[in-house]
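K.L.:
need a structure here:
(chains A and B)
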There are 2 protein chains.
Amino acid sequence: MTISIDTRLDLAIERELAVPVGLVWRGLTEPDLLRQWFCPKPWGVSECRIDLRPGGEFHTVMRDPDGREYPDTACFLEVVVEKRLVWTSVLVADYRPAAPATADEKECAHIAMTVIVELEQIPAGTRYRAHVMHNAPEQRQAHEAMGFHEGWGTTITQLEELLQQKPA
Amino acid sequence: MTISIDTRLDLAIERELAVPVGLVWRGLTEPDLLRQWFCPKPWGVSECRIDLRPGGEFHTVMRDPDGREYPDTACFLEVVVEKRLVWTSVLVADYRPAAPATADEKECAHIAMTVIVELEQIPAGTRYRAHVMHNAPEQRQAHEAMGFHEGWGTTITQLEELLQQKPA
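P.N.:
The predicted structure follows:
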């Protein structure tokens, strides 16, 4: 079920990727692939765990160019192979509510969000759509001001370039 | 999948109900039935909407004996007919993160929680288990101090008594 976008609360991005949908799904769900594109370089991902089921953990550790690390844990809500992947930052493994952000994490602007990624096979490859839902207009604005469109756009390009090398 | 109970973070309650499992499921998921047992009397439920699907809304308005109302919106995560129902207070309809509690809501101790209710058919009727997951020991303690065991226990008794009248 596609959920309509609330422009007051949501951010969205859509791209056509010159890569088959099966490969894009692998890029989204295999830790060894995800680590290579999920952060705009020169940031990287030093750790990634993916328990691909509703209620399963989605854990990443982002690393900045100085080696400082930013762990993040989310929870998958829907997993429809090669079609739809939904996760939220407000739950952790097994649907447990996430602990409130500490002052330290607030510095890195830990945003409450649910992400819906939808894939569709098209003649050129794959239509990729990400729909990011927030709980207040201020949260949407904060996420946009953090560079959502540029950052997310960069990572999608990194994903496409990675997959064009046809991983084993 | 049964999720193990973390005694530091969780509360749980288990009861045997002398009612068939199909009726217990109806009591949990039909608004007209739920309104009659979901709050310990003399509190009541003045409104209830149930969109019974993962991502669907679970909306109730509780009413105290003075007529003051307390709306609450949650989101269903898993719906396995007559077996398992999971919902969380930290998401609203379509998995959108819930807005942070206002000062007014904090008075009523709006607790971040995920509830897993599991039903099992047994010779005596139905084994009912509720597992309530919190994000910190303080939240578990606050919920317990609010009268979790007494309040939840009372509502389960109300549910059993209602269903023993065999609703149409």
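K.L.:
Tell me how far stretch A:65-74 lies from the chain's centre.
P.N.:
Distance, stretch centre to chain centre, for stretch A:65-74: 15 Å (C-alpha atoms, centre = their mean, to the nearest Å).
K.L.:
just stretch A:147-163 next, same as before
P.N.:
Its chain's average C-alpha position is 10 Å from that of stretch A:147-163, according to C-alpha atoms, centre = their mean.
K.L.:
ditto for stretch A:14-25
P.N.:
Worked out by C-alpha atoms, centre = their mean, stretch A:14-25 lies 15 Å from the chain centre.
K.L.:
which residues are contacting it?
P.N.:
Stretch A:14-25 is contacted by residues A:81-82, A:119-122, A:124-130, A:153, A:156, A:159-160, A:163-164, A:166-167 when judged by C-beta atoms under 8 Å, 6 or more residues apart in numbering or on different chains. Backbone N, C-alpha and C define where each C-beta goes, glycine included.
K.L.:
at 10 Å what do you get?
P.N.:
A:26-27, A:33, A:80-83, A:85, A:117-131, A:152-153, A:156-157, A:159-164, A:166-167 (C-beta atoms under 10 Å, 6 or more residues apart in numbering or on different chains).
K.L.:
Please point out which parts of it sit buried.
P.N.:
Neighbour counts over stretch A:14-25 (16 or more other C-beta atoms under 10 Å in any protein chain shown) mark A:Leu17, A:Val19, A:Val21, A:Leu23, A:Val24, A:Trp25 as buried.
K.L.:
Export the residues you listed to CSV and append columns for distance to B:Ile13 and secondary structure.
P.N.:
Listed next are the buried residues of stretch A:14-25 as CSV, based on distance: C-beta to C-beta, whole Å; DSSP: H, G, I helix; E, B strand; the rest coil:
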residue, distance to B:Ile13, secondary structure
A:Leu17, 49, strand
A:Val19, 50, coil
A:Val21, 45, helix
A:Leu23, 47, helix
A:Val24, 44, helix
A:Trp25, 40, helix
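K.L.:
I'd like to know which residues of chain A are adjacent to chain B.
P.N.:
A:1, A:3-4, A:6, A:9-10, A:53-55, A:75, A:77-78, A:86-100, A:111-116, A:131, A:133-136, A:139 (C-beta under 10 Å from any C-beta of the partner chain).
K.L.:
What subset of those residues is buried?
P.N.:
Neighbour-count burial (16+ other C-beta under 10 Å) applied to the residues of chain A next to chain B gives A:3, A:9-10, A:54-55, A:75, A:77-78, A:86-98, A:111-116, A:131, A:133-135, A:139.
K.L.:
For the residue nearest in space to the middle of chain A, give the beta-bridge partners.
P.N.:
Chain A has A:Val115 as the residue nearest its centroid, 6.7 Å off, counting by C-alpha atoms, centre = their mean. Beta-bridge pairing of A:Val115 under DSSP bridges involves A:Trp87, A:Val132.
K.L.:
What of the one 4 residues further on?
P.N.:
Here A:Leu119 shows beta-bridge partners A:Tyr128, assigned using DSSP bridges.
K.L.:
tell me the contacts of it?
P.N.:
Contacts of A:Leu119 by C-beta under 10 Å, 6+ apart are A:17, A:21-22, A:24-25, A:28, A:80-85, A:126-129.
K.L.:
hang on, A:Val117 in a strand?
P.N.:
Yes. With DSSP: H, G, I helix; E, B strand; the rest coil as the criterion, A:Val117 is located in a strand.
K.L.:
Burial check on it, number of neighbours?
P.N.:
Residues lying near A:Val117 (other C-beta atoms under 10 Å in any protein chain shown) number 18.
K.L.:
tell me the contacts of it?
P.N.:
So A:Val117 contacts A:13, A:24-25, A:28, A:83-87, A:128-132 (C-beta under 10 Å, 6+ apart).
K.L.:
Can you tell me how far it is from A:His143?
P.N.:
Using C-beta to C-beta, to the nearest Å, A:Val117 is found at 16 Å from A:His143.
K.L.:
Now the helix ranked longest in chain A: average pLDDT?
P.N.:
If you go by DSSP state H, chain A has its longest helix at helix A:148-164. Averaging pLDDT along helix A:148-164 yields 96.
K.L.:
tell me what it is packed against?
P.N.:
Packing partners of helix A:148-164 (3 or more C-beta pairs under 10 Å, 6 or more residues apart in numbering or on different chains; DSSP states H and E): strand A:10-17, helix A:21-29, helix A:31-34, strand A:125-133, helix A:137-145.
K.L.:
Dump stretch A:121-134 to CSV, keeping only the CA atoms.
P.N.:
Only the C-alpha atoms of stretch A:121-134 are listed here, as CSV (Å, rounded to 0.1, in the frame of the first residue of the first chain):
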residue,chain,number,x,y,z
GLN,A,121,11.0,-2.4,-12.3
ILE,A,122,11.1,-0.1,-15.3
PRO,A,123,12.6,-0.5,-18.8
ALA,A,124,15.6,1.6,-17.8
GLY,A,125,16.2,-0.4,-14.7
THR,A,126,14.6,0.6,-11.4
ARG,A,127,12.4,3.4,-10.1
TYR,A,128,13.5,4.2,-6.6
ARG,A,129,11.3,6.2,-4.2
ALA,A,130,12.1,7.1,-0.6
HIS,A,131,9.4,8.6,1.5
VAL,A,132,10.5,9.9,4.9
MET,A,133,7.8,10.6,7.5
HIS,A,134,8.3,13.0,10.5
